[in-house]
Structure formats: C-alpha cells, structure tokens
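Undergrad: dropping a prediction and its sequence here:
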Amino acid sequence: MTFQLPSEVINILQGLKKSGFDGFVVGGAVRDLLTKRQVDDWDFTTNATPVEIQKVFPGSFYDNQFGTVGIPRDGNIFEITTFRTEHGYSDKRRPDKVEWGKSLEEDLSRRDFTINAMALQTKNKKQRTKNDELEVEIIDPFGGQKDLEKKIIKAVGDPNQRFGEDALRMMRAIRLGAELGFGIEGQTLEAIKKNKDLIREISGERIRDEFLKIVGSPYPADGVKLLYSTGLLEIILPELVKGAGVPQGGHHINDVFTHCIESLRFCPSQDAWVRLATLLHDVGKPDTMMMRDGKPTFYNHEVVGARLVKVISDRLRLPREKKDFLWKMVRWHMFAYNPEMTDSAIRRFMRRVGKDDIPKMIELRVGDRKGGGSRETSWRLEELKRRIAGLMNDPLTVADLKIDGFDVMKTLNIKPGPVIGKVLNFLFEEVLEDPNKNTSEYLLSRIAVAVQSKDNQQSPD
C-alpha cells in the first residue's frame with residue numbers, strides 16, 4: 001500500500017528508525033488516509049521513552065504524565081507518545097495510572113474505536129513510487145479496515161469498558177458517525193444506551209465541544225437523532241427533547257422536536273453556531289403551548305426560548321459572545337414582513353440582529369421554512385432581502401452617528417457619565433427614523449433637546 005505523506009511525517013518516522021526505535025502513525029490520521037480524507041492531525045507512537053524521544057529530536061518538549069512529547073515543525077506541533085497502558089478511570093475521563101507499554105498492539109487495545117486503533121509504518125525510506133508516494137504497512141489488530149468498509153463505528157473490545165474509561169466516547173462515537181456517514185455497531189450502540197447516565201460525569205465544556213462537532217458535521221440531523229435515540233440528548237438538552245410529541249398547527253407537518261431536527265437538516269449554513277441556533281429556534285414552544293379553538297398556539301415562544309437558550313449556554317459553558325449570539329437569533333427569529341413596512345421598521349430589525357448577522361438569520365429562516373415543509377423562500381422573504389440590501393449603508397448603530405460622546409461632553413461642558421449615552425441614544429432614534437438627519441450640524445443642534453426630553457430627566461451637571 002502506498003501513500004503520499006508530508007515530509008515532516010516521513011522525517012519523524014525515519015528519525016526514530018535511524019535511532020533504533022519503532023515509530024508509527026496512529027489514530028485518526030490512519031483512518032483519514034484510508035478514507036482519502038484530509039489529515040489535520042498527525043499523531044505518532046513509539047517504543048522509545050520520552051527522554052529517548054527528546055534525544056532523537058532536539059528542541060522537542062515534554063511536560064505531561066502521559067508520555068507525550070511535542071515536536072515543533074514548520075509552525076505545527078507533532079505529538080509522539082510512548083507505548084502505554086492505562087489503569088483506573090475514577091473521573092470517567094482520565095486514567096488514574098499510566099505505565100509504559102511493551103508492544104504496539106497493547107497500546108492500540110486501549111483506544112476507543114476500531115477505525116481509530118490502526119497504525120502505519122514505512123517499509124523502506126528509499127521505496128517510493130513514481131508519484132512520490134511511500135510504501136507503508138498498515139497494522140490493524142482489531143479489524144478497523146473491515147469496519148471502514150462496512151461503515152460502522154465499533155468499540156475496541158468491550159464497549160462497556162471503553163465507555164466506563166471515558167464517558168465522552170459515547171458522544172464521540174456518534175460524532176464520528178455524523179462526520180463519516182457511518183452507523184453504530186449493534187453492541188456498541190446498546191452499550192451507549194446502557195451507560196448513557198455516565199455522561200453526567202463529563203464537564204459541560206467537553207460535552208459542548210463534541211456536540212458542536214456533531215452539529216457542524218456533514219450529517220448533523222442524523223447525529224442529533226442518534227443522541228436522542230440513545231438517551232444522551234435528554235441529559236444534554238432536556239429543553240429540546242421536551243418538544244417531542246408536542247403538536248403544531250398551520251403548515252407544520254411534524255411535532256416541535258422533529259421540526260427542530262429537520263430545520264437543522266435543511267439549514268444551508270456551514271457555521272456550527274448558526275446550525276445550533278436553528279436547532280434551538282423553537283425550544284420555547286413546549287412551555288408556551290395553549291390550545292385555542294382546538295389548535296395549538298405558541299405566543300411569545302421566541303421570548304421564552306431566548307431565556308432557555310441562556311440556561312443551555314450556561315450549562316454548556318459557552319463563551320459570552322456565543323451565548324449572546326444564540327439569544328439574539330432565537331429571540332428575533334419570528335421576524336415578519338409585509339410590503340407596508342416602513343424603512344425605519346426594517347432598520348430596527350436590522351439593528352436588533354446586527355448587520356453582520358443578518359445573512360445568518362436568513363439562513364436560519366431557510367432551515368425553519370424547509371424544516372416545516374415549506375419552500376426554501378417566498379416572495380415576502382425575497383422582497384425583504386432586497387429592501388435590507390438597499391438599507392445596508394444606512395446608520396444602524398450609535399457608532400454610525402456623525403458625532404460621538406466627546407462632542408456631547410464638549411457641547412454640554414460635562415464629564416463622562418450616563419447622560420452621554422442617553423443623549424446619543426435619543427439622537428440615534430431620530431436618525432433611525434430618517435438617515436438624512438445623520439449630519440454633525442443637525443445632531444449638534446439637537447443635543448440640548450435630547451437633554452430636555454422626557455427620556456433624559458437626569459441633569460447633566
């Protein structure tokens with residue numbers, strides 16, 4: 001078998017071999033080579049100890065208990081780990097004890113899934129093909145290549161033991177399936193269902209990272225459905241699961257939960273955060289459902305949903321910026337349009353969403369429409385998009401005003417304080433109604449009026 005390997009990878013393997021050690025590429029890199037996917041991470045294993053590795057590669061560093069040495073190369077860090085065995089996983093995440101292993105197979109046996117438990121070594125540094133590819137040997141003691149052919153994710157050895165060692169592996173199995181379009185092998189799937197409660201031992205940050213990879217994968221809806229069928233989703237996102245069985249009226253053909261899943265499936269964005277917002281856009285519906293005249297209604301579900309998004313964001317330890325983004329997308333996703341709307345009304349919508357995030361909101365709306373059984377767009381949506389495009393150069397934030405806080409302080413002869421922001425907001429409301437008023441002459445002339453307005457009762461002194 002031949003592969004075209006990066007020169008850095010070849011140099012590391014040959015450097016180990018020249019020094020009398022065994023060296024192998026392991027894990028996801030081998031899997032991706034075999035499936036002709038781009039390799040983003042190259043990991044290595046060897047029978048050399050960390051001290052011996054550092055002698056082979058001057059400038060490398062070693063500062064952990066797991067036998068991993070980092071080798072800087074052309075702005076990248078390549079990691080080499082000594083063969084090892086692991087014992088005890090009291091925190092369902094990290095081994096309590098790590099020992100150097102005696103063989104490659106022993107090292108591979110501790111890995112999560114068969115398609116990640118393969119290794120690659122070069123046969124001969126001089127054996128290259130005319131396409132500059134290198135002859136390699138694949139070491140595959142657990143049948144990873146067959147499982148790649150069958151397109152299944154299968155645990156190495158006893159799946160209950162693998163998930164007991166690191167409960168996040170349950171989500172990782174589903175994430176790999178969503179990325180590759182693979183199914184989960186029967187015993188592995190049953191073990192996920194059996195051990196689902198172990199996910200409670202995992203931190204919100206680690207769950208968040210795997211969940212975002214699922215949502216950002218080529219098959220996000222299928223991945224989330226698999227999380228649901230295994231029981232993991234009810235632990236991770238109980239607010240979303242609450243929509244299962246909640247009926248909808250009008251043009252909707254599915255219950256709330258299925259609609260959210262299908263909206264995710266049809267969301268055209270490749271941005272995982274936009275996809276997540278699409279998945280959560282109707283999360284407030286179960287708590288707001290009321291039957292009126294025999295039909296379900298969900299008044300203010302966007303308001304309730306935005307509050308729930310804050311709870312979800314805190315649980316998943318989302319950065320503040322992303323928390324605010326999700327809140328905004330869910331809070332304002334129910335935007336409506338009719339031809340009688342004034343330009344100022346559209347500018348207010350644009351201000352709420354933010355100029356840069358308007359295309360993302362449109363992508364959410366497309367997913368929402370198609371996930372509800374409608375066409376991708378409508379004449380109303382297309383007309384709104386045209387009108388938005390025509391207003392993109394209008395002032396949409398206080399920062400777009402032709403004057404700033406220093407002008408206000410100079411005109412009123414005051415020091416920094418809350419009244420400045422109130423004055424600027426008052427002026428911005430006028431400009432939002434009529435962009436032609438956004439001139440320094442006009443705005444300066446209105447500062448005194450802004451101070452005297454009923455919204456600015458506080459004295460500037």
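TA: Looks like it arrived, so ask away. Not measured: the values here are computed from a predicted model.

Undergrad: for the rest of this, base every contact and every neighbour count on C-alpha atoms.
TA: Will do.

Undergrad: for the stretch 51-200 of the chain, what spans make up the helices?
TA: Assigned by DSSP state H, counting those that start in this stretch, the stretch 51-200 of the chain shows helices spanning 104-108, 144-150, 159-165, 168-180, 186-195.

Undergrad: need the ones you listed in a markdown table (columns: mean neighbour count).
TA: Written out in a markdown table, the entries for these read as follows (neighbours: other C-alpha atoms under 10 Å):
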| stretch | mean neighbour count |
| --- | --- |
| helix 104-108 | 20 |
| helix 144-150 | 16 |
| helix 159-165 | 21 |
| helix 168-180 | 23 |
| helix 186-195 | 18 |
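
Undergrad: ranking those helices by mean pLDDT, which is last?
TA: Comparing mean pLDDT across the helices of the stretch 51-200 of the chain, the weakest is helix 104-108, with a mean of 92.

Undergrad: using PDB, list the CA coordinates for it.
TA: Coordinates of each C-alpha in helix 104-108 appear next as PDB, following Å, rounded to 0.1, in the frame of the first residue of the first chain:
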ATOM      1  CA  LEU A 104       2.100  -1.600  19.700                       C
ATOM      2  CA  GLU A 105      -0.900  -4.000  20.000                       C
ATOM      3  CA  GLU A 106      -1.100  -3.400  23.700                       C
ATOM      4  CA  ASP A 107      -1.100   0.400  23.000                       C
ATOM      5  CA  LEU A 108      -3.800   0.100  20.300                       C
END
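
Undergrad: for it, packing partners?
TA: strand 84-87 (3 or more C-alpha pairs under 8 Å, 6 or more residues apart in numbering; DSSP states H and E).

Undergrad: pLDDT weak spots in the stretch 51-200 of the chain?
TA: Applying pLDDT under 70 to the stretch 51-200 of the chain flags the ranges 64-66, 86-98, 124-132.

Undergrad: what's the domain layout of the chain?
TA: 2-149, 155-236, 254-394, 398-452 (automatic domain parsing).

Undergrad: tell me which of those is the most buried.
TA: Burial among the domains of the chain, expressed as mean neighbours by mean count of other C-alpha atoms under 10 Å, is greatest for domain 155-236, which shows a mean of 20.

Undergrad: what's the end-to-end length of that domain?
TA: Between the start and the finish of domain 155-236 there is a gap of 22 Å, counting by C-alpha to C-alpha, to the nearest Å.

Undergrad: re earlier: out of the helices of the stretch 51-200 of the chain, which is closest to residue 284?
TA: Comparing the helices of the stretch 51-200 of the chain by their distance to residue 284 (C-alpha to C-alpha), the top pick is helix 168-180, with 25.2 Å.

Undergrad: avg pLDDT for stretch 11-28?
TA: Summarised as a single mean, pLDDT over stretch 11-28 is 93.

Undergrad: again with stretch 450-457
TA: Stretch 450-457 comes out with an average pLDDT of 68.

Undergrad: repeat that for stretch 410-420.
TA: On average, the pLDDT along stretch 410-420 is 93.

Undergrad: coming back round to it: the domains of the chain: which one's closest to residue 245?
TA: Closest to residue 245 of the domains of the chain, according to C-alpha to C-alpha: domain 254-394, at 5.6 Å.
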